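Asks: coords below, sequence missing:
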């Protein structure tokens, strides 16, 4: 009689393994309690909260403008998407119209953010599965995008570049040339990554048929973004509920029907290409002249010029930066398509200068919830692939 | 939209036709429709909205409470629903008193509600009846108090 694990400890014996909270493939501090039968995952339970910093509570103690800096730090791989969601929500509660020029620049920058975020994803996910090289390339290209953000706002990552009513600053001259250089070179680089991965036998073996979630399950679990589109549901907030003039752009919602890790990989790579398409259109649309933020006395800060030359400008400047502005009482929910899915911002105003309640519907938080569905019944090595393609950012999960 | 127009909104009309007492109040702000539902009707309204073929609110985006302390009823829970194929959003609102912050869980209708409800239990102390696993999710298990309540200080000692 051969000696196997089953003959020694019996078939019903399982082992509990702690994965994380300090584990490189969790991309932060995620702890997963795994119940294993041999190498098979019987039960997976994500434990979160290690990065909880109470951002929603902090927002309640800040003025509407001050809270923007906190939104950068929720999803630190896509800060501009968070800025946009929050600013749109406050603009909605104010009933404010943002100039078209600012709307197009916002679209351009959030699409570049999507590219940067997906580049980080493709690199780190490949490292998780043992393909080291792609990471080195994708971070090189991401850096080029971050340099654009730095050129515009002075910051690589926590830009806080979108403000209520428009943008923080007039974009410096020549910035579109830098964008042009990135959109010219990026498609070729994506071909390079695809050369390394798309038909790579090991890659296919590690991702195809792994972590399958059906369309019905994905909807029931509230998945959004590439998680949902990888299962064949063409739900994209940019198309379904257009914001910031997205209805004027021509792009396709990328879907795959397999619902496995490979499908989500394909969706994300295709989304980078679609984003480049949108960026190109935005470059055509952005007028070279025009206001970069709305002009609403008492709510939007006046220009430096006006602040220094007119008494009203000085008073408004002082009032906005000391006591803020008070939107009418009410509640709004504004959703945007962040790189990870539907980012919803719920803002409740009680008519004072500070938001009464801000809630960020974080796509990572909701997507992570379906991890047990993806991982259970699979091998322990597949858990890494499943966490990877969920594309979680723990800062956003825990807030 | 004028108040009478809100009442004519097709979803509101349908809900009233189905079960008039399930709609306590209808509000409209910045183009968003909010239907206030009495606590005891929530579960049936949720089931109706999710399964009724002409509505199909199959996607629950978010559940988020607002604490109106010291006003009573203190808690307002907002359920943000999406109908994926009809491209429509709807907000349900349930009001709860501070002395009895209990509402029926909607995990049976939308499984995604599981973590949302755990978060709201954790941060607001609202209990969801019938939830399969109501524990803290973001704060440590031995934490005292519910940080997002308005009577919980933002900084300093409790």
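Replies: Arrived safely, thanks for sending. Only a predicted model underlies this, so the values are computations on that prediction, with no experimental measurement involved. Numbering: from 1, shown residues only, chains lettered A, B, ... in the order given.
Asks: show me where the stretch 151-300 of chain A dips below the pLDDT cut-off.
Replies: Within the stretch 151-300 of chain A, no range satisfies pLDDT under 70.
Asks: ranges for the helices of it?
Replies: Taking DSSP state H, counting those that start in this stretch, the helices of the stretch 151-300 of chain A run over residues A:175-197, A:201-207, A:215-220, A:226-229, A:237-240, A:261-285.
Asks: what sits against the residue of the stretch 151-300 of chain A found nearest chain B?
Replies: Across the stretch 151-300 of chain A, no residue is closer to chain B than residue A:222, which sits at 3.0 Å (C-beta to the nearest C-beta). (Glycine included, C-beta is placed from N, CA and C.) Residue A:222 is in contact with A:366, A:369, B:59, B:60, B:61, B:110, B:112, counting by C-beta atoms under 8 Å, 6 or more residues apart in numbering or on different chains.
Asks: one more pass at 10 Å, please.
Replies: Applying C-beta atoms under 10 Å, 6 or more residues apart in numbering or on different chains, one finds that residue A:222 lies in contact with A:228, A:341-342, A:361, A:363, A:365-367, A:369-370, B:59-62, B:82, B:110-116.
Asks: do the same with residue A:134
Replies: A:119, A:122-127, A:192-197, A:200, A:203.
Asks: which helix or which strand is home to the spatially closest residue to residue A:227 that is not a sequence neighbour?
Replies: Spatial nearest neighbour of residue A:227, excluding adjacent residues (C-beta to C-beta, 6 or more residues apart in numbering or on different chains): residue A:367 at 4.9 Å. Secondary structure from DSSP states H and E places residue A:367 in helix A:363-368.
Asks: what's that helix packed up against?
Replies: Helices and strands touching helix A:363-368, by 3 or more C-beta pairs under 10 Å, 6 or more residues apart in numbering or on different chains; DSSP states H and E, are helix A:226-229, strand A:330-338, strand A:341-349, helix A:380-390, helix A:394-398, strand B:59-67, helix B:113-124.
Asks: now with 7 Å, please.
Replies: Secondary-structure packing of helix A:363-368 (3 or more C-beta pairs under 7 Å, 6 or more residues apart in numbering or on different chains; DSSP states H and E): strand A:341-349, helix A:394-398.
Asks: which helices and strands does the longest one pack with?
Replies: Using 3+ C-beta pairs under 7 Å, 6+ apart as the contact criterion, the neighbours of strand A:341-349 among helices and strands are helix A:79-94, strand A:330-338, strand A:357-361, helix A:363-368, strand B:59-67.
Asks: low pLDDT regions in chain B?
Replies: B:1-5, B:157-158.
Asks: who in it is up against chain A?
Replies: Selection of chain B residues close to chain A by C-beta under 7 Å from any C-beta of the partner chain yields B:29-30, B:32, B:58-62, B:64, B:66, B:78, B:80, B:84, B:87, B:91, B:110-112, B:114-115, B:137-139, B:147-148, B:154.
Asks: buried by neighbour count, from the residues you listed: which ones?
Replies: B:29-30, B:32, B:58-62, B:64, B:66, B:78, B:80, B:84, B:91, B:110-112, B:114-115, B:137-139, B:147-148 (16 or more other C-beta atoms under 10 Å in any protein chain shown).
Asks: ok so, going back, OK, contacts around the residue nearest to residue A:227?
Replies: The neighbourhood of residue A:367, defined by C-beta atoms under 7 Å, 6 or more residues apart in numbering or on different chains, consists of A:223, A:227, A:340, A:341, A:390, A:392.
Asks: can you redo those as a markdown table with neighbour count and distance to residue A:50?
Replies: Output for those, formatted as a markdown table (neighbours: other C-beta atoms under 10 Å in any protein chain shown; distance: C-beta to C-beta, whole Å):
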| residue | neighbour count | distance to residue A:50 |
| --- | --- | --- |
| A:223 | 30 | 23 |
| A:227 | 29 | 22 |
| A:340 | 29 | 19 |
| A:341 | 26 | 22 |
| A:390 | 29 | 17 |
| A:392 | 25 | 13 |
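Asks: first-to-last residue distance for stretch B:47-64?
Replies: 19 Å (C-alpha to C-alpha, to the nearest Å).
Asks: how many other residues sit next to residue 149?
Replies: Using chain A here. 21 (other C-beta atoms under 10 Å in any protein chain shown).
Asks: you looked at the wrong chain, it should be chain B
Replies: 19.
Asks: cool, residue A:83 as well?
Replies: For residue A:83, the neighbour count with other C-beta under 10 Å is 26.
Asks: look up how far residue A:368 lies from it.
Replies: To residue A:368, residue A:83 is 23 Å away according to C-beta to C-beta, to the nearest Å.
Asks: now the angle from the longest helix along chain A to helix A:79-94?
Replies: Once chain A is assigned using DSSP state H, the helix that runs over the most residues is helix A:100-128. With axes from the mean of the first three to the mean of the last three C-alpha atoms, to 10 degrees applied, the angle from helix A:100-128 to helix A:79-94 works out at 140 degrees.
Asks: surely residue B:78 touches residue B:94?
Replies: No: using C-beta atoms under 7 Å, residue B:78 is not in contact with residue B:94; the gap is 8.4 Å.
Asks: mutual contacts of these two, please.
Replies: By C-beta under 7 Å, 6+ apart, no residue touches both residue B:78 and residue B:94.
Asks: follow-up on the earlier one: how about the helices and strands packed on helix A:363-368 in TSV, adding mean pLDDT?
Replies: Conversion of the helices and strands packed on helix A:363-368 to TSV gives the following (pLDDT from 0 to 100):
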stretch	mean pLDDT
strand A:341-349	92
helix A:394-398	88
